[in-house]
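A.B. asks: Here is a sequence with its predicted model. Questions after.
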Protein chains: 2
Amino acid sequence: MQRFVNDPDYVVEDMLKGFLKAHGDLVAKSEANDRVVKYINTPVEGKVGLVTGGGSGHEPAFLGYVGKNMVDAVAVGEVFSSPSAQAFYDAFMEADAGEGVACLFGNYAGDNMNVKMAVRKAKKAGVTVKYVTANDDVASSPKETKEKRHGIAGGVFMWKIGGARAAMGGSLDEVIASAQKAVDNTRSICVGLSPCAIPAVGHPNFQIEEGTMEVGIGHHGEPGINVQELEPAKKVARNMAETVVEDLEIKDGEEAAVLLSGLGATPVMELYVLYDEIEAYLRERGISVYKVLIGDYVTSLDMNGAALTIMRLDDELKELLDHEAKSPGIEVSK
Amino acid sequence: MQRFVNDPDYVVEDMLKGFLKAHGDLVAKSEANDRVVKYINTPVEGKVGLVTGGGSGHEPAFLGYVGKNMVDAVAVGEVFSSPSAQAFYDAFMEADAGEGVACLFGNYAGDNMNVKMAVRKAKKAGVTVKYVTANDDVASSPKETKEKRHGIAGGVFMWKIGGARAAMGGSLDEVIASAQKAVDNTRSICVGLSPCAIPAVGHPNFQIEEGTMEVGIGHHGEPGINVQELEPAKKVARNMAETVVEDLEIKDGEEAAVLLSGLGATPVMELYVLYDEIEAYLRERGISVYKVLIGDYVTSLDMNGAALTIMRLDDELKELLDHEAKSPGIEVSK
């Protein structure tokens, strides 16, 4: 295993220590819980608190989206495992400034269970928490059962939109409504070229044969829609874009934000090669790209592959997307 | 070869098209030369022009450092090959606003030759170009022959510092002096865990055996100082930091900027694991970290590994480092 790790059982601790040192101008560890990272100015008076959380190995997600006008506190799980209910609860307490807390997380069984337990506990403590679950991964369940779909890179848009609404003084219900609107208008798909290995396991739990690719693979290696021959980038990009556009039903004349994330071991050069054809496809369909983010936004350890996320925009979402923000994972300046 | 490419002979063209589409708010293609990318507002009246250039495969370098208060124009080479003298010349012409041009590039034979040819041609055309060559890679030549060392990730600091000096109204000589000061105070070292393959070649030109690492490897796979057993991240990080600190002769009580770049296929999580121990080592030595950048800043196609760069700071370099800037590869906001 060619990796920069110490004891593989403590990779999350080691990553967290490095992260906190690197971004001490924006984030700090919660004093209540070693697995909670908070924005240094949280709780922000008069502002709805924003919380997220999820398994590690997706860096810069989830903790990299803590910051100014973004997420206030994050619950940090083991590699590819949900944070505990206690961590979510402690994150709620860090984020709460008396205006309530919006928990914006990705749809996975463990996260769902732990968030709900934490919400009940917070209620008893007098803190109102409402939540939105991202379910942007079109490959994880058919459209008829969209509520079963997992959240993948689309979370970035959910946090950016929810964070901006909260920063602009939105009430808890308004923050929830804007974040839900982001989720409703966002779809993603991944393509995997090589598997990833959890450091403590030491080898991949699945394989992608040389010369093939897995279309629709999940962010933890969940089986995709189709294992097929590896195609030229243009065909891969066009297929990804078409799948997302069709599912989202985004139409001629509409505007979109596009996020193309590497999965951890994806060369930057190749993301631009893919993007060339993604943009060409969208243009052919009459969809104009208002904003594009390319790089490592939500990764899967050392997986080679890419995740395409498209969010349909309207005037509200454009304003919120453009609102100033600063976090390790995303920065929007005037 | 598990890659997102079309015809491997045209990977630079395809990357460039995607890059220009993705960052059209900041950059545009030169009308004079398909292999020159310019800042959309260049030439900036009254400002010294900044130019760089180099081979492709290092994305976001070099072209990702074109932008506001950064580089004005970049010459784009084939994968791991110098841009042509004509491309450097055309970049000079794009960047020149009548105040002269500073060409800040990495020390490699081909780039050196082509920059010098282009400088002579520019002189005949009445445009003064002066240059600084980054030679931060401590592994590429002994200290006694520092002028032979290659430029690697340290270029990022050179461009940031030079760009800020130019933006603040510095004369050509002042921009050159600040950029040279950045170079003189910057050292880097790479560690490689897996090789990289030029797409048109289809397989790596060198190997790194499983269970080993190559300390001091170059950004194109140039042989390092030592091939040795792969060690825990703490030892790797400490060794990298010590090598750089010793060569730079940065001392107790001084301040530093740290850049830790992945080489293309390096998981984000692992960069943070390394950084934890790099910071610990610097702290032990009494060196305080003023600013840190972690992510893909200068890559080597699909190489797995990391480059550590440290720049010694003084008040001037701190002010220039903090000056507002916006480019695809780096953004500094107030």
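C.D. replies: On my side now, so go ahead.
A.B. asks: C-alpha from now on. contacts and neighbour counts both.
C.D. replies: Noted.
A.B. asks: need the residues of the stretch 151-300 of chain A near chain B, please.
C.D. replies: Within the stretch 151-300 of chain A, the residues that sit near chain B (CA under 8 Å from any CA of the partner chain) are A:193-194, A:210-211, A:230, A:232-234, A:236, A:264-277, A:279, A:292-294, A:296, A:299.
A.B. asks: Can you give me the domain boundaries for chain A?
C.D. replies: Each domain of chain A is listed here as a residue range: A:8-184, A:186-332, per automatic domain parsing.
A.B. asks: that older thread, what about the residues of the stretch 151-300 of chain A next to chain B, which are in strands?
C.D. replies: Residues of these located in strands (DSSP state E): A:193-194, A:292-294.
A.B. asks: Could you pull up phi and psi at A:Val79?
C.D. replies: The phi/psi pair for A:Val79 (degrees, to the nearest 10) reads phi -60, psi 120.
A.B. asks: burial of it, as a residue count?
C.D. replies: By other CA atoms under 10 Å in any protein chain shown, 22 other residues sit near A:Val79.
A.B. asks: likewise A:Lys124?
C.D. replies: A:Lys124 has 10 nearby residues by other CA under 10 Å.
A.B. asks: Same question for A:Gln2.
C.D. replies: 19.
A.B. asks: Provide a list of residues in contact with the closest residue to it other than its chain neighbours.
C.D. replies: Nearest residue to A:Gln2, sequence neighbours excluded (CA to CA, 6 or more residues apart in numbering or on different chains): B:Leu193, at 5.8 Å. B:Leu193 makes contacts with A:2-3, B:208, B:212-214, B:303-305, as judged by CA atoms under 8 Å, 6 or more residues apart in numbering or on different chains.
A.B. asks: buried residues in stretch A:317-334?
C.D. replies: For stretch A:317-334, burial by neighbour count (16 or more other CA atoms under 10 Å in any protein chain shown) applies to A:317-318, A:320-321, A:323-331.
A.B. asks: Which of those residues fall in helices?
C.D. replies: Among the buried residues of stretch A:317-334, the residues falling in helices (DSSP state H) are A:317-318, A:320-321.
A.B. asks: if we can go back for a sec, for the contacts of B:Leu193, pick the one with the most neighbours.
C.D. replies: Of the contacts of B:Leu193, with other CA under 10 Å as the count, B:Gly305 tops at 29 neighbours.
A.B. asks: for that residue, helix, strand, or coil?
C.D. replies: strand (DSSP: H, G, I helix; E, B strand; the rest coil).
A.B. asks: Same check on A:Asn239?
C.D. replies: Under three-state DSSP, A:Asn239 comes out as helix.
A.B. asks: Just the buried residues of the residues of the stretch 151-300 of chain A next to chain B.
C.D. replies: A:193-194, A:230, A:233-234, A:236, A:264-277, A:279, A:292-294, A:296, A:299.
A.B. asks: And the pLDDT at A:Val268?
C.D. replies: As predicted, A:Val268 sits at a pLDDT of 97.
A.B. asks: Could you list which residues are in contact with the nearest residue to it once chain neighbours are set aside?
C.D. replies: Nearest residue to A:Val268 in three dimensions, chain neighbours excluded: B:Glu59, at 5.8 Å (CA to CA, 6+ apart). Applying CA under 8 Å, 6+ apart to B:Glu59 gives the contacts A:268-269, B:296-301.
A.B. asks: before we move on, the earlier item: mind picking the two most distant members of the contacts of B:Leu193?
C.D. replies: The largest separation in those, counting by CA to CA, is between B:Thr212 and B:Met303 at 14.3 Å.
A.B. asks: Walking through the stretch 201-334 of chain A, point out its helices one by one.
C.D. replies: Using DSSP state H, counting those that start in this stretch, the helices of the stretch 201-334 of chain A run over A:233-248, A:268-284, A:315-322.
A.B. asks: one step back: winner for burial among the domains of chain A?
C.D. replies: Mean neighbours per residue, mean count of other CA atoms under 10 Å in any protein chain shown, is largest over the domains of chain A for domain A:8-184, with a mean of 23.
A.B. asks: Could you work out the end-to-end span of that domain for me?
C.D. replies: End-to-end span of domain A:8-184 (CA to CA, to the nearest Å): 38 Å.
A.B. asks: gap between that domain and the chain center?
C.D. replies: 10 Å (CA atoms, centre = their mean, to the nearest Å).
A.B. asks: hmm, back to that, which stretch among the helices of the stretch 201-334 of chain A comes nearest B:Glu174?
C.D. replies: The nearest among the helices of the stretch 201-334 of chain A, by CA to CA, is helix A:268-284 at 33.6 Å.
A.B. asks: just checking, what packs against the closest one?
C.D. replies: With contacts taken as 3 or more CA pairs under 8 Å, 6 or more residues apart in numbering or on different chains; DSSP states H and E, helix A:268-284 sits against helix A:233-248, strand A:255-262, strand A:288-295, helix B:11-22.
A.B. asks: Just put the ones you listed in a markdown table and tack on distance to A:Gly77 and mean pLDDT.
C.D. replies: A markdown table is the format used below for the helices and strands packed on helix A:268-284 (distance: least, CA to CA, whole Å; pLDDT from 0 to 100):
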| stretch | distance to A:Gly77 | mean pLDDT |
| --- | --- | --- |
| helix A:233-248 | 29 | 98 |
| strand A:255-262 | 21 | 98 |
| strand A:288-295 | 23 | 98 |
| helix B:11-22 | 33 | 98 |
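A.B. asks: and of these, who's closest to A:Glu174?
C.D. replies: strand A:255-262 (21.4 Å).
A.B. asks: Just list what that closest one packs against, helices and strands only.
C.D. replies: helix A:268-284, strand A:288-295, strand A:304-313.
A.B. asks: still on that earlier bit, just put the contacts of B:Leu193 in CSV and tack on distance to A:Val27.
C.D. replies: Below are the contacts of B:Leu193 laid out as CSV (distance: CA to CA, whole Å):
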residue, distance to A:Val27
A:Gln2, 30
A:Arg3, 26
B:Ile208, 37
B:Thr212, 35
B:Met213, 33
B:Glu214, 34
B:Met303, 30
B:Asn304, 28
B:Gly305, 26
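A.B. asks: Would you format those as CSV with pLDDT and distance to A:Lys143 included?
C.D. replies: CSV is the format used below for the contacts of B:Leu193 (pLDDT from 0 to 100; distance: CA to CA, whole Å):
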residue, pLDDT, distance to A:Lys143
A:Gln2, 95, 39
A:Arg3, 97, 38
B:Ile208, 96, 45
B:Thr212, 97, 47
B:Met213, 98, 46
B:Glu214, 97, 48
B:Met303, 97, 38
B:Asn304, 98, 38
B:Gly305, 98, 40
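A.B. asks: B:Gly253: which of the residues you listed is nearest?
C.D. replies: Closest to B:Gly253, out of all of the contacts of B:Leu193 and judged by CA to CA, is B:Gly305, at 29.9 Å.
A.B. asks: Identify the bridge partners of the closest one.
C.D. replies: When bridges are called by DSSP bridges, B:Gly305 pairs up with B:Gly192.
A.B. asks: ok, it - contacts?
C.D. replies: B:190-194, B:262-266.
A.B. asks: what's the most distant pair in these?
C.D. replies: B:Cys190 and B:Ala265 (13.8 Å).
A.B. asks: What's the separation between A:Arg120 and chain B?
C.D. replies: In this view, A:Arg120 and chain B are 32 Å apart by CA to the nearest CA, to the nearest Å.
A.B. asks: ok, now how distant is that residue from A:Asp90?
C.D. replies: Per CA to CA, A:Arg120 is found 13 Å from A:Asp90.
A.B. asks: Repeat that for A:Ala197.
C.D. replies: In this view, A:Ala197 and A:Asp90 are 30 Å apart by CA to CA.
A.B. asks: Repeat that for A:Leu263.
C.D. replies: From A:Leu263 over to A:Asp90 (counting by CA to CA), the distance is 29 Å.
A.B. asks: and if you look at A:Val79?
C.D. replies: 20 Å.
A.B. asks: List the contacts of the closest residue to chain B within the stretch 1-150 of chain A.
C.D. replies: Relative to chain B, the nearest point of the stretch 1-150 of chain A is A:Gly18 (3.8 Å; CA to the nearest CA). By CA under 8 Å, 6+ apart, the contact set of A:Gly18 is B:272-277.
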